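**Student:** What follows is a predicted protein model with its sequence.
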Amino acid sequence: MHEVHEIAKNVLAFINDNKGMLYFVILSVFVGIEVIGGVPTVLHTPLMSGANAIHGVVIVGAIHVMVHMENPTMLALILGSLAVLLGTLNVVGGFVVTDRMLEMFKKKK
């Protein structure tokens, strides 16, 4: 039971130390929802392609961070590998969906 209290104390200390970052993330979520909600249907395909390119940069960044860790732990390597795997799935899935959407606009023979 003492460990649970210690973990809770650490979590609350982290939140207290990083209030600005947490406010920024929450505000970004709301702004993102408003921006995406206002996009016309015609622009969804180009925006998806741009998002896929950004996710590619995120994957490269995750690999860079994993390679340049000073004291890599097993947990850090597992989480980094999971981030790269999920980011790669997101990019590949986004390109597949974009390709299928573009196929819908081609003239049928």
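**Tutor:** Great, that's in hand. Since we're looking at a predicted model, the values are computed, not measured. Numbering: from 1, shown residues only.
**Student:** And the contacts of the helix or strand of the chain with the lowest mean pLDDT?
**Tutor:** Sorting the helices and strands of the chain by mean pLDDT, DSSP states H and E puts helix 44-67 at the bottom, at a mean of 80. Identification of contacts with helix 44-67 by Cβ atoms under 8 Å, 6 or more residues apart in numbering yields 39, 72, 76-77, 80-81, 83-84, 87-88, 90-91, 94-95, 97-98, 101-102. In short, each C-beta sits where N, CA and C put it, glycine included.
**Student:** Same check on stretch 5-17?
**Tutor:** Outside stretch 5-17, the residues that reach it (Cβ under 8 Å, 6+ apart) are residue 22.
**Student:** Show me how far it is from its chain's centre.
**Tutor:** Relative to its chain's centre, stretch 5-17 lies at 24 Å (Cα atoms, centre = their mean, to the nearest Å).
**Student:** how about that stretch as PDB, C-alpha atoms only?
**Tutor:** The C-alpha trace of stretch 5-17 is given here as PDB (Å, rounded to 0.1, in the frame of the first residue of the first chain):
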ATOM      1  CA  HIS A   5       1.000   6.200  -2.200                       C
ATOM      2  CA  GLU A   6       4.500   6.800  -3.400                       C
ATOM      3  CA  ILE A   7       3.500   6.300  -7.100                       C
ATOM      4  CA  ALA A   8       0.600   8.600  -6.600                       C
ATOM      5  CA  LYS A   9       2.800  11.200  -5.000                       C
ATOM      6  CA  ASN A  10       5.300  10.900  -8.000                       C
ATOM      7  CA  VAL A  11       2.500  11.300 -10.500                       C
ATOM      8  CA  LEU A  12       1.100  14.400  -8.800                       C
ATOM      9  CA  ALA A  13       4.600  15.900  -8.600                       C
ATOM     10  CA  PHE A  14       5.100  15.300 -12.300                       C
ATOM     11  CA  ILE A  15       1.700  16.900 -13.100                       C
ATOM     12  CA  ASN A  16       2.600  19.900 -10.800                       C
ATOM     13  CA  ASP A  17       6.000  20.300 -12.400                       C
END
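**Student:** average pLDDT across it?
**Tutor:** What stretch 5-17 shows for mean pLDDT is 90.
**Student:** out of the contacts of helix 44-67, which are buried?
**Tutor:** For the contacts of helix 44-67, a burial check counting by 16 or more other Cβ atoms under 10 Å picks out 80, 83-84, 87, 90-91, 94-95, 98.
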